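Engineer: no sequence for this one, just the structure:
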C-alpha cells in the first residue's frame, strides 16, 4: 500500500474496545436523555419533560449538538438530529459513528467508509478498509484484510493519508499522543503518532494513557505504568479500570478501589462496581441488587435496584421491577420509574467515557476490481493471451507448471487456484479438454502423452464470492456483459440464470450459483452452438438451465 493513500454494523463495543477504554476525564452532564417506552426512543430533560417525541429505533447521546439516531422502516437507516429534534443530516446511512473531533464515519449501501463533517460534506473515502474507528488525537484506526480471516490495523489522518501503515494485529485508540498496539503473537506495546515505538512489545494487554499513566496486564495480572513503561503499580489485580484519580480493581472475583500507588481505598467486596466519575456516589452490586456507596465504601443508598448506572450530574438511572427512572443522591425519584430502557450509548458513555457507536464496517463491494480482472484476460479472440491451439508446453512456461501438476485423465485442468482479486472474491482458472492421450500398459497402469496439434475445448473462470460480495452474482454477470468489448448478447438463449455472449470467434457462457460465478469460453463451432441450443433452446419453460457439458458442469 502506498504510504500516502488518497481518498482512501453499526456495532456495539467489542470486548477489546471495552477492555481498552477508560472513564471520561471531564464530567460532562448529559441534558437530553434518550429513553425508551415501547419500541421507540424519545429524549427527555433532567426534570422528565419530553423534549423530542418518541420516534427512533435507536438513539445516542448528543455530542457537539448532534445525535446519531436510527429510524424505523424496511431499511432502518441512520442519520443525525440537532437538539430541536430535526434532522441535521438525513437518515441515509447504513452505518455511522458518532461525531468525534468534528467528523464522523458513515457507510452508505454498497459503499466504503467515508468521513463527513457536521454539514454532511464528504472529506474522503477509505475503500481499502474493512472497518474504521472514530478519530482520536487526529488519527483513526482502520483495518484491512490480509486473508479470509486475519486483519491488520493502521491509522489514517483527517486528510485521508495513511499516517501509520496497517502492520498491527490489534490496536487501541490514540490518547495523549500514544496508542497501544499488538503484534501477531499477542504482545502489546505503545507507539507515538509517527508510528515509532515508545514502549516495546511486552504486555499481555494494554489500555490507553490517562494523565501520563496506562493500565497494562502481564500474564492476566493488571498494573499501572508511566510513559516510559516503568511500573507504578506492579501487576497484581485480576482486573483494573480507571476512575478519575483512582482505579476500580478486582481481587478474588470481587471489586473494590485502589489509589494511584496501588493502596486499597475500598476493599474488594462487590460483585459489580461502576465508576464514581468524580461524583460523591458510585453504583455497586451487593448480592443480586444494586445500591450506591460513598468514597469510604459505605452503602448510603441501599442495594434495592435490579440495575443502576453512575450519576449523571444530580441524577442516576436505576431500574426496579423492570422499569427505569432517575433518582437523586437521597434515593428520591426525580423522574418516576416508567421507562423500558435507556439507550446503550448513554450506558457506555457513563461507564467508559466512550460511545457504543465508535466503529463501522465497510459495505463496499469491489465490483470494479473483479470485472477488470476478467476483462483484462478475455478478448474477442483470446483468453489470457492464449487461444484454443496454444500448446501445453507454452502454458507450462507461462504458469510455471509441469505435467505432474495436472490430472491428465480429467477434462479440466486448474492453472490458477484461489487468486485473491478483492477483499471478497477469489479466482480459479481452468483449461478445458483432454490434451493427453491415455495408454493402458497392462499391469503397469496408464501412461500419458501430449496430443500433437491439440486444440483446447475451452477455458473457464470460477469466481468465489464471500463477505459483502455474497448475493451479488447477478451484478457481476450483468456488469461483465457491458464491460466486454466486441461481444453481443445472445438474447434468445440467455435467461435469469445464464448469460450467453458471442464474438466472431468465441462463445461465452456466464452462470451463477450461490456465491459463485462461472465464465466459460468456447470456440464458436457447430457442435458448441448445438450444445447451447440443446441446453437453452429458445428460452421456453421446458429448457434446461444447466449446461450439460463437461466443460462447465464439472465446476458445479
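Structural biologist: Good, I have the coordinates. Predicted model, so just to flag it, every value in this text is computed and none were measured.

Engineer: which residues in the stretch 451-556 of the chain form helices?
Structural biologist: Remark: helices assigned in the stretch 451-556 of the chain by DSSP state H, counting those that start in this stretch are 473-483, 526-536, 550-553.

Engineer: ranking those helices by burial, who's on top?
Structural biologist: helix 550-553 (a mean of 18; mean count of other C-beta atoms under 10 Å). All C-beta atoms are positioned from the backbone trio N, CA, C, and that covers glycine.

Engineer: what is the residue nearest the centre of the chain paired to in the beta sheet?
Structural biologist: Closest residue to the average C-alpha location of the chain: residue 361 at 3.5 Å, with C-alpha atoms, centre = their mean. Per DSSP bridges, the residues bridged to residue 361 are residue 131.

Engineer: number of residues surrounding the nearest residue to residue 97 once chain neighbours are set aside?
Structural biologist: Excluding the flanking residues, the one nearest residue 97 by C-beta to C-beta, 6 or more residues apart in numbering is residue 105, at 4.6 Å. Residue 105: 28 surrounding residues under other C-beta atoms under 10 Å.

Engineer: where in the chain is pLDDT low?
Structural biologist: Applying pLDDT under 70 to the chain picks out residues 1-27, 148, 444, 537-556.

Engineer: could you break it into its assigned domains?
Structural biologist: The chain breaks down by automatic domain parsing into domains covering 15-361, 367-553.

Engineer: give me whichever of those domains is most buried.
Structural biologist: Note that of those, domain 15-361 is the most buried (mean count of other C-beta under 10 Å), with a mean of 18.

Engineer: coming back round to it: would you turn the helices of the stretch 451-556 of the chain into JSON lines with distance to residue 101?
Structural biologist: As requested, those are exported to JSON lines (distance: least, C-beta to C-beta, whole Å):
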{"stretch": "helix 473-483", "distance to residue 101": "36"}
{"stretch": "helix 526-536", "distance to residue 101": "58"}
{"stretch": "helix 550-553", "distance to residue 101": "54"}
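
Engineer: isn't the residue nearest to the centre of the chain right up against residue 105?
Structural biologist: No. Applying C-beta atoms under 8 Å as the test, residue 361 and residue 105 come out as separate, 10.2 Å apart.

Engineer: quick one on the thing from earlier: so the residue nearest to residue 97 sits in a strand?
Structural biologist: Yes. Under DSSP: H, G, I helix; E, B strand; the rest coil, residue 105 falls within a strand.

Engineer: what is it paired to in the beta sheet?
Structural biologist: Counting by DSSP bridges, residue 105 is bridged to residue 115.

Engineer: gap between it and residue 279?
Structural biologist: 32 Å (C-beta to C-beta, to the nearest Å).

Engineer: let me see the contact set for residue 347.
Structural biologist: Contacts for residue 347 (C-beta atoms under 8 Å, 6 or more residues apart in numbering) come out as 309, 356.

Engineer: next one: the host helix or strand of it to chain centre, how far?
Structural biologist: Per DSSP states H and E, residue 347 falls inside helix 344-352. Taking the mean of its C-alpha atoms, helix 344-352 sits 22 Å from the chain's own mean (C-alpha atoms, centre = their mean, to the nearest Å).

Engineer: tell me how far the closest residue to residue 521 other than its chain neighbours lies from residue 379.
Structural biologist: Leaving aside its sequence neighbours, residue 521 sits nearest to residue 459 (C-beta to C-beta, 6+ apart; 4.7 Å). According to C-beta to C-beta, residue 459 and residue 379 sit 12 Å apart.

Engineer: my guess is residue 338 meets residue 325, correct?
Structural biologist: Yes. Between residue 338 and residue 325 a contact is recorded at 6.1 Å, counting by C-beta under 8 Å.

Engineer: isn't residue 76 right up against residue 57?
Structural biologist: Yes. Using C-beta under 8 Å, residue 76 is in contact with residue 57, at 5.4 Å.

Engineer: hang on, residue 258 packs against residue 267?
Structural biologist: No. With contacts counted by C-beta under 8 Å, residue 258 stays clear of residue 267, the gap being 10.1 Å.

Engineer: if the residue nearest to residue 521 is in a bridge, with which residues?
Structural biologist: residue 431, residue 521.

Engineer: now do residue 284
Structural biologist: residue 273, residue 291.

Engineer: how about residue 322, what does it touch?
Structural biologist: Neighbours of residue 322 in contact, by C-beta under 8 Å, 6+ apart: 306, 340.

Engineer: thinking again about what came up before, nearest to residue 304, out of the helices of the stretch 451-556 of the chain?
Structural biologist: Closest approach to residue 304 among the helices of the stretch 451-556 of the chain is made by helix 473-483 (57.1 Å; C-beta to C-beta).

Engineer: what helices or strands is the closest one leaning on?
Structural biologist: In terms of contacts (3 or more C-beta pairs under 8 Å, 6 or more residues apart in numbering; DSSP states H and E), helix 473-483 is packed against helix 367-375, strand 458-465, strand 498-502, strand 506-513, strand 516-523.

Engineer: now those in JSON lines, with distance to residue 160?
Structural biologist: What follows is those, written out as JSON lines (distance: least, C-beta to C-beta, whole Å):
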{"stretch": "helix 367-375", "distance to residue 160": "19"}
{"stretch": "strand 458-465", "distance to residue 160": "28"}
{"stretch": "strand 498-502", "distance to residue 160": "37"}
{"stretch": "strand 506-513", "distance to residue 160": "36"}
{"stretch": "strand 516-523", "distance to residue 160": "32"}
